[in-house]
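Q: Kindly return the folded structure for what I paste below:
(one chain, ligands or ions: 1)
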Amino acid sequence: MSLIVGIGLRSGTSYRELRDLVEKALAGLSPQDVVQVVTVEGKETEPGLQRLVASLDAQLFTAPSLELSQQQVPTPSDEVERLTGTASVAEAAVILSGAELVVPKQRSARATVAVGKLLNSQSMAAPGYPQTERETVHRVLAERRDVRRGFLDHPIADDVLTRVLESAHRAPSVGLSQPWDFVLIRDIATRRKVHDLAIAQRDAFAASLPADRRSAFDGLKIEAILDTPLNIAVTCDPGRGGRHVLGRHADPRTTWFSAAIAIQNLWLAARAEGLGVGWVSFFEPGEVGAVLDLPAQVELVGYLCVGHVEEFAAAPELVRSGWAARRPLSWAVHQEAWGQRGLPGESPSQVIVRDAVQAEGVAKPVGSQVVHLVVVDAAQPELLERPEALVVQVAGEKPAADFGVLWRPARSADEAVELGVEVARDLVLQGVGQIVVELPVESDISRALARGVRLGGLACGITVDEPGKMRDSSA
Ligand SMILES: Cc1cc2nc3c(=O)[nH]c(=O)nc-3n(C[C@H](O)[C@H](O)[C@H](O)COP(=O)(O)O)c2cc1C
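A: Okay, the predicted model is just below:
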């Protein structure tokens, strides 16, 4: 059980008075279950309160008095309301935490205490974020979309844009280096130049695709540079903050991560303001840098098309068009170490294989591409150069990138099966309708990966052939 203690106190209330009052209020409940002490903003520096929180080994939170005053409390006090604006700080603090009030207000000469119980799912609920507000935060996260269509011809008000940029600028950054800048682009001539660059890259990408994938791509809109009143280029200055940026020395990538997080903040704040944002990355970054006259040390991280929209689609456009699909969360969560997959509260298992087996035979529309998949061990590096095939290397040695080899260094047969399922799933999502698997020299690992490909292929309703082997539909 997790308990919340709400406290109202006059300045200077002693630790002893608070301790006695809390003990009385907790009668029959264990002080060890107290996880949070909540009071009104401004009282967090009270020494008696700080000592009480330390003795309970709990966390101290404060809530704004305005929010406390808006809570309906069972034991209101006119006098307290006159003095503090809140009918009972102690009870309001408990209720605001999302807890169920189990001990109504108890009083001493200078303080009041109330106790609440958190339901399991509410453990460590954040004071100041009642359930409905928490849901709104999660809703914004779920309803943020990459938007490329349906922009309105409305200007973006300066105060709205400033709020959005303010949120972006509040993003976490390595060593608080804030390596980002935001270039606001409205000029149509500049946007045309950037648009030309995106179209050239779009054509180059289209030319690299197999025929049916290409026709699927032709139906996709990948930018809204000229359809939106505002474009924002978000940049990164990797040297911002100088030589001794805290946390950057061992991993310089953190600078670019920071700039990317600023974009995510911008994206979310824009969603809450009804502004659609579409990220365009069909660029060689230096070319955009030249159009925008970026200094040499400043790099483009993201190019965003921004404008008001009437609605946000319920699912990503790439999902709705059948171009891509979301990977299940349970595949992405590992407990303690890689491979022990499962959601919190679940026992770790080989969920990838389990899901593939369960989904087996489910009829789905499949593409017409045939992919020749060659599973290779390091023992045969000469087999890696097979431009007509998709070569998967399962051994530990990283192949030279320019072969286009898919490197899947499986450390066990179980891991190889999982990797195989994912390889098959990715191929099916890319419009492959048949996989022909070849194992030039068999090993436990290469056989296991092939088995995974078979499982994944069957789960997605496509044919997986191994020439020289009977088709194995039982996998
Ligand atoms: C780094 C990055 C680059 C992207 N580049 C493009 C792009 O060039 N064109 C495009 O149409 N979408 C682009 N997207 C949007 C993704 O396709 C989109 O986020 C994904 O399909 C999920 O959809 P959602 O954002 O609506 O949830 C990009 C997204 C990110 C994070």
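Q: list the contacts for Ala359?
A: Ala459, Cys460 (Cβ atoms under 8 Å, 6 or more residues apart in numbering). Backbone N, C-alpha and C define where each C-beta goes, glycine included.
Q: Quick check on it: phi, psi?
A: Dihedral pair for Ala359: phi -80, psi -10, per degrees, to the nearest 10.
Q: Show me which helix or strand of the chain is least confident by mean pLDDT.
A: With mean pLDDT, DSSP states H and E as the measure, the helix or strand of the chain carrying the lowest mean pLDDT is helix 78-84 (a mean of 75).
Q: Do a quick rundown of the strands in the protein.
A: Along the chain, counting by DSSP state E, strands occupy 2-9, 34-40, 59-63, 100-107, 111-118, 180-185, 230-236, 275-280, 299-308, 369-376, 390-393, 406-407, 432-438, 463-465.
Q: quick one: the fifth one to strand 34-40, angle?
A: The directions of strand 111-118 and strand 34-40 differ by 130 degrees, with axes from the mean of the first three to the mean of the last three Cα atoms, to 10 degrees as the criterion.
Q: tell me the contacts of the closest residue in space to Val301 that isn't next to it in sequence?
A: Leaving aside its sequence neighbours, Val301 sits nearest to Ala259 (Cβ to Cβ, 6 or more residues apart in numbering; 4.3 Å). Residues near Ala259 by Cβ under 8 Å, 6+ apart: Ser173, Pro179, Trp180, Val234, Thr235, Cys236, Val301, Gly302.
Q: What subset of those is buried?
A: Buried subset of the contacts of Ala259 (neighbour count, 16 or more other Cβ atoms under 10 Å): Ser173, Pro179, Trp180, Val234, Thr235, Cys236, Val301, Gly302.
Q: Looking at the residues you listed, which is nearest the ligand?
A: Nearest to the ligand among the buried ones among the contacts of Ala259 is Gly302, at 6.4 Å by Cβ to the nearest ligand atom.
Q: Check the contact between the closest one and Gln264; I expect there is one.
A: No. Counting by Cβ atoms under 8 Å, Gly302 does not reach Gln264; the two are 9.7 Å apart.
Q: The least confident helix or strand of the chain packs against which elements?
A: Helix 78-84 sits against no helix or strand, with contacts defined as 3 or more Cβ pairs under 8 Å, 6 or more residues apart in numbering; DSSP states H and E.
Q: got any ranges where the stretch 1-150 of the chain has weak pLDDT?
A: 120-125 (pLDDT under 70).
Q: Spell out which residues belonging to it are near the ligand, please.
A: Contact residues (Cβ under 6 Å from any ligand atom) of the stretch 1-150 of the chain with the ligand: Arg145, Asp146, Arg148.
Q: Got the domain ranges for the protein?
A: 2-129, 144-320, 329-465 (automatic domain parsing).
Q: Show the end-to-end separation of the second one, please.
A: According to Cα to Cα, to the nearest Å, domain 144-320 extends 15 Å from its N-terminal end residue to its C-terminal end residue.
Q: what separates that domain from the chain centre, distance-wise?
A: 17 Å (Cα atoms, centre = their mean, to the nearest Å).
Q: re earlier: the residues of the stretch 1-150 of the chain next to the ligand in helices, which ones?
A: Of these, none are assigned to helices by DSSP state H.
Q: Now tabulate those in TSV and tack on distance to Pro399 and neighbour count.
A: Below are these laid out as TSV (distance: Cβ to Cβ, whole Å; neighbours: other Cβ atoms under 10 Å):
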residue	distance to Pro399	neighbour count
Arg145	37	19
Asp146	33	18
Arg148	36	21
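Q: Quick check: buried residues in stretch 184-203?
A: Quick answer for stretch 184-203 (16+ other Cβ under 10 Å): Ile185, Thr190, Arg191, Lys193, Val194, His195, Leu197, Ala198, Gln201, Arg202.
Q: and the closest residue to the ligand within the stretch 201-350 of the chain, what is it in contact with?
A: Relative to the ligand, the nearest point of the stretch 201-350 of the chain is Pro316 (3.0 Å; Cβ to the nearest ligand atom). Shown in contact with Pro316 (Cβ under 8 Å, 6+ apart): Arg145, Asp146, Ala324, Arg326.
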